[in-house]
Structure formats: structure tokens, C-alpha cells
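Chemist: Here is a sequence with its predicted model. Questions after.
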Amino acid sequence: MIPQDMARWHMARRRAAPTRGPISAFLLALSAAALLTSALPARAQDSDKEIHHPMLVTRTGPYATGATGVSSGQQDYFALVNAQGGIGGAKIRWSECEFGYETPRALECYERFRGQWKVVYPNSTPAVVALSERLAADKVAGINPGGNRADATDGKTFPYLYPVVANFWAQASSTIRYIAQQEGGEDKLKGKKIAFLHIDNAYGRGAIPVLEALSKRFGFEWKSFPLPLPGLEQSAAWVDIARRYRADWVIQWNYGQSCSVPFTEIQKVGFPVERFIGTLWCGSEEDISAAGDLAKNYVSASYQGVGTGFPVIQEILGKVYGAGNGALPRERVGTVAYNRGVFTGIVIVEAFRNAVRDHGLPLTGEKVLDGLNKVQLTKARLKELGAEGLVPEILLSADYHGGVDPQVFQRWDGKTWTTISGWIPPYEDVVWEQIKRSAEAYRAEVASKK
Amino acid sequence: MSEITVPSPPARRTAPAPTRGSVSAAARAFGLAALLLLPLAGDEYWIKSVALPTLIFGLAALGLNLVVGVAGQISMGQAAFMAVGAFIGAIAYGRYGLPLPFAILAAGFASAAIGIVIGLPSRSIRGLYLMVSTLAAQFIVLWLLQRVPWFGAASHGILSIPKLALGPVAFNTPHARYLLTLAVVVPLTLFAANLVRSRIGRAWIGIREREIAAEVLGVPAFRYKLMAFAAAGFYAGVAGALVTFAWTGAATVEEFRLELSVKLLGMIIIGGLGSVLGSYLGAAFIVLVPIAISIALHAAAGLLGWSAVNAGTLANAEHLVFGLLIIAFLIAEPKGLAPLLLRGLDAVRNIIRPSFRRAGAGPQGEKE
């Protein structure tokens, strides 16, 4: 630079200075953010001493109340496994990525920890669906217990997705079996009227084909009462159900807030609460506590046991909470969401164990995928783990990803849930028929037309 | 891209400042080169988590900006238009085997058609009332997508697509997906920038500023408003198709809930109403800043030692910081990020070429 230019340059700088305040701050902030973003996804490889397990969590937003229980339940179980010496000498180290139940954030989280995932459990159907292409590319398993895609039971069609437990066709059919038991046998179902109260979306209508098939088999009548989203206005539907249709039983497939709306309506129309059965997604403390005493004697389904009366939960209370390492306030241990987390933790740790046994440390997503396909939670194994009654028998394979499983039923006493039944199996033939039909439709969707 | 907020009057266009033209042409060439070279430089994280969402949501925000920022009609149904595009694109490509470009176009035109229907109430209602009617559209469209079996979402709310290919070219790497997105987004963005400066754009601005006056001057307001809704629908539909094709690989209803419509509105308000550049800046802000905050907070927590920080507190702090940032930026520049950035660029130009300040003083003063 020749001196003349230098002088001009300095003058320009001084002249421009007043406008540069907020702008340079903005640019600085942007570049700082950019630097951080590039610096942080450090692709640390797992060492032999630990299993790094990234987790997608929802600790903020409307879904956080239940979701925190599910994440923390898993973490407490990992902490228990660590306290007992870990897996093959390696401790599980988990790190959280908060995505707030937002799919774009979940995709970002996945990329941030790409190459480090062992098994992906966002506890959100939209997220797991949006992730499935990436999971397939990286050969990592995505699990969504009890949720979509329900037809992922067919491991041949969906090699990387796992419903793990009762899919929603199994949930619907074991609910009908429970009602039959209450009536005193399947033959007593004939002529009974079942009202199906549900949110009018794909999830809410999921049970319909099963009800259709079973009503033909057992001769009961059923009718759909769809609620427009978000399903908070139900008074017309309830007047219809109780006065005009005169239902013998009502099954609800709502979600979140709409689960607790029926209890005030039930009071108004005078329908007996004990003949009102909820899906497992309307069966946690968070779903029902708003209704409190009004919901007394309400029964809901669940894919895992509730309460602290299982040896494994007692061990968590002793070894993890006793040492002051619990992830949640002690009162939430044993709630539905928490136990669901422990349940998932048990399945994941079994997959880790199988992977370490067959392929050795350090673990990768592909090794864990194989480990998940070998999960054999038999009665004997569940007894060893202290999870009898908490977890049903789960026997996975590469072809069968879980889904045709039993449920337990639990009753609300105004404050807590108590399990009131054993494992009630689904009508397997009906469930398989739906799985096959749906998986076939999927194969047609993804088959190239050229 | 820079001066579209207020189109310069004809007199100005006949005698533009020569330096300014060459500088902005250079800037444009530089921007395009940077976009094209990003896949070579950055790793997959940057493409999949930063570039793709910014471009795709930016495109949808740009469409919304045409109807809200330029034509002055409030719409809260943009996410529903995206959903239509996502599903029509997936159906056209997967079920009917249309080649990829035509599938994307079909998605755009289907959404544009829905946009015209949604825009019909704008004949007689305006402002908040119009907003409520577009809000209703958001719910109706999503409900129809899940209710009508033809859309393929009736049983799971999901429609998957076959492997992505155009003739012999397979779009199976992030780089290919990125180039596909770029090939769609860049022409559409340039088209929008020109559209706003065209006769149509001037008519829209006239309607936004004073509808009756525009009609008196011979602008058929209703027809132009429908065009704005159609344009918004087209851009959203194409963006929705890109979500399916380039980003997630499946069309799902759940992704396009009302929250997304609200976010898109947030993007154009933060980015700059009526600004093409602002649509992308706003999208980048809404999509990327929470991620940057999250990473920064985690890094800070990592330095402090994990045991010191509660994971829930950290997650909530993200929202707090993000909210504060929005307020700070809107106070610094209520017109959005685009004017803020342009002012910044002008300052940089002044440093590089002091003589430019004198030459470009006219248009700059006019913009304020």
C-alpha cells in the first residue's frame, strides 16, 4: 500500500465507524457461532474403556413432562449397569442432544453425533421416520417402542427400524381380549357395543382395521367417534356415545391433553368410568393427573409394569439414588414414563452386551444392530435382571423386530397406577395380517417405477 | 438481490451508479461460487445440517415473504402448502414415476392451486380476519392429507419414496442432494427477485401500501392477491418436495404442523419483510442459531464439568438465550437482518473503496 492509499484507508475507517457497531457485533456473533459449530462435532472414537451412547432427548416444550421420565429412566439404568461394573469392563457414557420434539433439530443432532450412534431412540414418531433414511445409510438401529412404523415388525422390509414391543395393532387386539375377559369370555362379546373414541389422524385410526376384523370374528358392534385435532372438544361425542349409541365399553386413543378431557364429560353424561379403557399413550401419570379423582377406576393398557416393586427398580433406588446419582427427583421413580425408560434401557443394554460378546469393544452402530437382533429377554433372563413383570418376553431376530407382544392393564386410583392384570396377548393372526398388508404397501411405495 | 425492498424509480434505473453495479455483480458471482464450492470444502455435517435446511426453509420463507412481505396479506398456512408439496411430490415421483424435475414442478403447481383456493377469502376479508381463514386452511389441509387414502398417509401418516434418481444420475450422496437443492433454489430465488421488481411486484407493493389507491390506479387487486397466494403456494410446494427428496427421504404429515407456519412467519419478520435475502437470513437465524447456542452452551458446560450443570437447565437456557437474541436483533434493526447485513456490507465497501461512498450515496440514502 502506498502512503496515500493508507491515509485514505484510515479516513474511510473512521468515517465508517459509527455504522459498524451493531453490524460487527452481529458478524462476530455469526462467525463465533460458525466456529463453534465446526469445532464441536469432534468425532471422538470410542475407546475400549467406555461405550459412548448419544441420546436424543426432549427436556423442553409440551412433550417434556413425560419424555424426561423416559430419558432419565434409561440413564438411571445405565448408571446401575456402570455401578455393577459396566459391560465387558466398559462403562456406558451417555451424552444428550436436546431436540425438543422437533424433527429438524433431531436431524441436526443425528448429524452432530454421526458415527457415534449405537442405537437411536428419539421417543418421537416423526423424528424416527425422518431419520430412517440416514439410519439405513449408516446401518444404525432406530427403535420406537409401541409407535410407528408399526409394520417395522417385519425386519426383512425394515432392517433398521424396531417397534420392539406391542405395535398398535397388537395394542388394540389385546385391549379387546381384556374386555372379553371382563365380560367373562369371548362368546359374551356378541351383541356388545364398543365405542372407539380417537384423535382423527393416522395414529388415532391405527386400531380400526383390528376392530373391524375382531368384530366380525366375535360378533360385537363397534363405532368410530373421531375427534378433530387436538381433540379437546369432546362433549358432543360423549353425548352421542352415552345417550344415542349406548355403548357398553369405550376405548380411547387420544394423545396428551385430550386423554384427560373425557373424565369431565363422563361425569356429565353419567358413563361408568370402569368401562372406559385407554390406550397406553393415555396411560401415564402426566396424561391423567389433571383429571385426578374424576379418573378413579379408569383402566389403561401399558407395555411395561408400573411402580417400584421390581428388584431392578429397587436396585436403582439403592445403588444409584442411594449414592446421590439419580437423574430425577426420587418421587418420579416407578412412574409409567420412568419405568418405560428403564424398560428401554434394559433392551439397549442387552443389545450392547450381545454386541460386546460377539464383536468386542469398541462398539459401533452396526455391532449394536446385530446385538439388538439377538436380544433374547426370556423369562429366565428377565428373572436374572430383576425385571419380571416390568418387561414382557422379548425375542428379537433379524426378521422379527418385535411388535406382536402382550400388554398389561393398570388402574388409576386418583393418585397412582397399579397393575391389575398379567400379560394379555394379542390376537396374533389379526396383527400379522395387518403387518403383512402394510409392509407390502410400503414395498410398493419404494419400488422404483422405472 | 439487494434493492428489492423498495424498487428504485425509473429515473434511477436509467442512470445507475456504475461502481455499485459492478460490486454487486461481483458479490453475486462470489456468493454463487461459495454455494457451489461448499460441498468440496465442508464436511457432510455442514451440508446436511446447515446448508440444506437453510436453503429449503429459506425457499418456503421466500414464498411466504411474497404474499406477506410484498403483497401485504397475512398467511398462516405456509406449512400446509409445504405438506401438499411434500406429498404430491412423493406421489408424482414414487407412484406415477414422473421424472424428478416434473415431480418437483407438480408439487409446486399443486400447492399453487391450493394457494389460490386459500387466497379466495382475501377478496373480502383482510388483516387478522384473513389470518384466521388461512389458519383454518392449515388444519383442513393437514386433515385431508391424513383422511384421504389417495395421499398414502392414512395408515401411518408417512409416505416413502423410491431411491432418488434422474436418468442415470442417482442422488444418494449428500453432495448430490445439495446440488439438486441448489439447482432448484437458485433459479427460483432469482426469479422471485425479478418478480418483485416486475409489474406484478409493483402491483403487489401497491396493494400492500394502499389497496384502494392501487385499484383506483387500475390494479385489479383481487387477481393480484390470488397471484401472490399462488406464488407463495408454489414456493412452499417446491420447498416441501425438497424436504422429502433432498432432506428426509419421506413425506410425513407431522413435520408440517402449525408450529412450522409460525416459524416461517418468524423467519421473514426477523430476516426482513419483503426482502429476498432476508428470507434466507431469517431461515438461517431460526434454524441455525438454536443449534449454535446449544453447541456453545454444551461446550461451556463441558469446560465447567458436566456434574455442575443440570441437563434440563441447559436445555431451557437454550430457549432463553434464543429469545433474548431475537429481541436484541429486532431492537438493533426492526426491519430485519437483511438491512442490517446490507448496512454492514456498505461499511465494508467504504473501507475498501472510499470513493464508492460518494458514488453510491444516492441509492443508499433512498433506502433508509
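Modeler: Perfect, I can see it now. Numbering: from 1, shown residues only, chains lettered A, B, ... in the order given.
Chemist: Which stretches in chain B count as strands?
Modeler: B:158-160, B:165-166, B:169-170, B:250-252 (DSSP state E).
Chemist: no, scratch that, I was asking about chain A
Modeler: A:50-57, A:91-98, A:119-120, A:141-143, A:161-162, A:193-199, A:221-227, A:249-253, A:276-278, A:299-302, A:376-377, A:394-395, A:408-412, A:417-419.
Chemist: biggest helix in chain B, by residue count?
Modeler: helix B:276-304 (DSSP state H).
Chemist: could you say what helices and strands it packs with?
Modeler: Under the contact definition 3 or more C-beta pairs under 8 Å, 6 or more residues apart in numbering or on different chains; DSSP states H and E, helix B:276-304 sits against helix A:3-39, helix A:103-112, helix B:52-65, helix B:174-197, helix B:258-271, helix B:311-332, helix B:337-352. Any C-beta I mention is one placed from the backbone N, CA and C, and that applies to glycine too.
Chemist: what separates the shortest one from the chain centre, distance-wise?
Modeler: So the one you mean is helix A:103-112. 17 Å (C-alpha atoms, centre = their mean, to the nearest Å).
Chemist: Now do the contacts for residue 234.
Modeler: Defaulting to chain A. A:Q234 is in contact with A:197, A:227, A:258, A:261-262, A:265, counting by C-beta atoms under 8 Å, 6 or more residues apart in numbering or on different chains.
Chemist: meant chain B, my bad for not saying
Modeler: Counting by C-beta under 8 Å, 6+ apart, B:F234 has contacts B:63, B:108-109, B:111-112, B:115.
Chemist: Just the closest of those residues to A:N123, please.
Modeler: B:S111 (31.5 Å; C-beta to C-beta).
Chemist: State the distance from A:V210 to A:R93.
Modeler: 42 Å (C-beta to C-beta, to the nearest Å).
Chemist: Which one's more surrounded, these two?
Modeler: Ranked by neighbour count (other C-beta atoms under 10 Å in any protein chain shown), A:V210 and A:R93 place A:V210 first, with 24 against 17.
Chemist: Just to check, the more buried one is in contact with A:W169?
Modeler: Yes - at 5.0 Å, A:V210 and A:W169 qualify as touching, with contact defined as C-beta atoms under 8 Å.
Chemist: Which pLDDT value belongs to residue 121?
Modeler: Unless you meant another one, I'm taking chain A. On pLDDT, A:Y121 comes in at 95.
Chemist: nope, chain B please
Modeler: Reading off the model, B:P121 has pLDDT 91.
Chemist: Once you drop chain neighbours, what's closest to it?
Modeler: The shortest distance from B:P121 to any non-neighbouring residue, by C-beta to C-beta, 6 or more residues apart in numbering or on different chains, is to B:S133 (4.4 Å).
Chemist: The one you found: neighbour count?
Modeler: 18.
Chemist: wouldn't it be in contact with B:G127 here?
Modeler: No - B:S133 sits out of contact with B:G127 when judged by C-beta under 8 Å, with a separation of 11.0 Å.
Chemist: list the contacts for the closest residue to B:N316 other than its chain neighbours?
Modeler: Using C-beta to C-beta, 6+ apart and skipping the chain neighbours, the partner closest in space to B:N316 is A:T60 (5.6 Å). The contact partners of A:T60, taken as C-beta under 8 Å, 6+ apart, are A:98, A:100, B:312, B:315-316, B:318-319.
Chemist: Give the full set of residues in contact with residue 155.
Modeler: Using chain A here. A:373, A:397-401.
Chemist: wrong chain, I was asking about chain B
Modeler: A:202, A:205-206, A:438, A:441.
Chemist: who wins for most neighbours among the residues you listed?
Modeler: Result: A:G206 is most packed of those (other C-beta under 10 Å), 24 neighbours.
Chemist: Return the distance of that residue relative to chain B.
Modeler: A:G206 sits 7 Å away from chain B, going by C-beta to the nearest C-beta, to the nearest Å.
Chemist: what do you get for A:I313?
Modeler: In this view, A:I313 and chain B are 22 Å apart by C-beta to the nearest C-beta.
Chemist: Find the residue closest to that residue in space, skipping its chain neighbours.
Modeler: Closest to A:I313 by C-beta to C-beta, 6+ apart is A:G334, at 6.0 Å.
Chemist: and the stretch 51-200 of chain A, which of its residues are near chain B?
Modeler: Within the stretch 51-200 of chain A, the residues that sit near chain B (C-beta under 8 Å from any C-beta of the partner chain) are A:57, A:59-60, A:68, A:96-98, A:100, A:102-105, A:107-108, A:111-112, A:114, A:125-126, A:129-130, A:132-133, A:148-151, A:200.
Chemist: which ones are touching the residue of the stretch 151-300 of chain A found nearest chain B?
Modeler: Taking C-beta to the nearest C-beta, chain B has its nearest neighbour within the stretch 151-300 of chain A at A:A202, 3.5 Å off. By C-beta under 8 Å, 6+ apart, A:A202 lies in contact with A:148, B:146, B:153-158, B:253.
Chemist: tally of neighbours for A:A166?
Modeler: 31.
Chemist: With adjacent residues omitted, what lies nearest to it?
Modeler: In space, A:A166 is closest to A:D405, 4.3 Å off (C-beta to C-beta, 6+ apart).
Chemist: wait, doesn't that neighbour sit right on A:F168?
Modeler: No - taking contacts as C-beta under 8 Å, A:D405 lies outside contact range of A:F168: 11.6 Å.
Chemist: Could I get the pLDDT score of B:A136?
Modeler: 91.
Chemist: ranking the contacts of A:G155 by neighbours, who comes first?
Modeler: Result: A:H401 is most packed of the contacts of A:G155 (other C-beta under 10 Å), 26 neighbours.
Chemist: I figured that residue was touching A:P163, is that so?
Modeler: Yes - A:H401 is in contact with A:P163 according to C-beta under 8 Å; the separation is 6.2 Å.
Chemist: intersection of neighbour lists for these two?
Modeler: A:152-153.
Chemist: Quick check on the closest residue to chain B within the stretch 251-400 of chain A: phi, psi?
Modeler: Using C-beta to the nearest C-beta, the closest approach of the stretch 251-400 of chain A to chain B is made by A:A327 at 8.0 Å. Backbone geometry at A:A327, expressed as degrees, to the nearest 10, gives phi -90, psi -10.
Chemist: That one against A:S72, yeah?
Modeler: Yes - at 3.7 Å, A:A327 counts as touching A:S72 under the criterion of C-beta under 8 Å.
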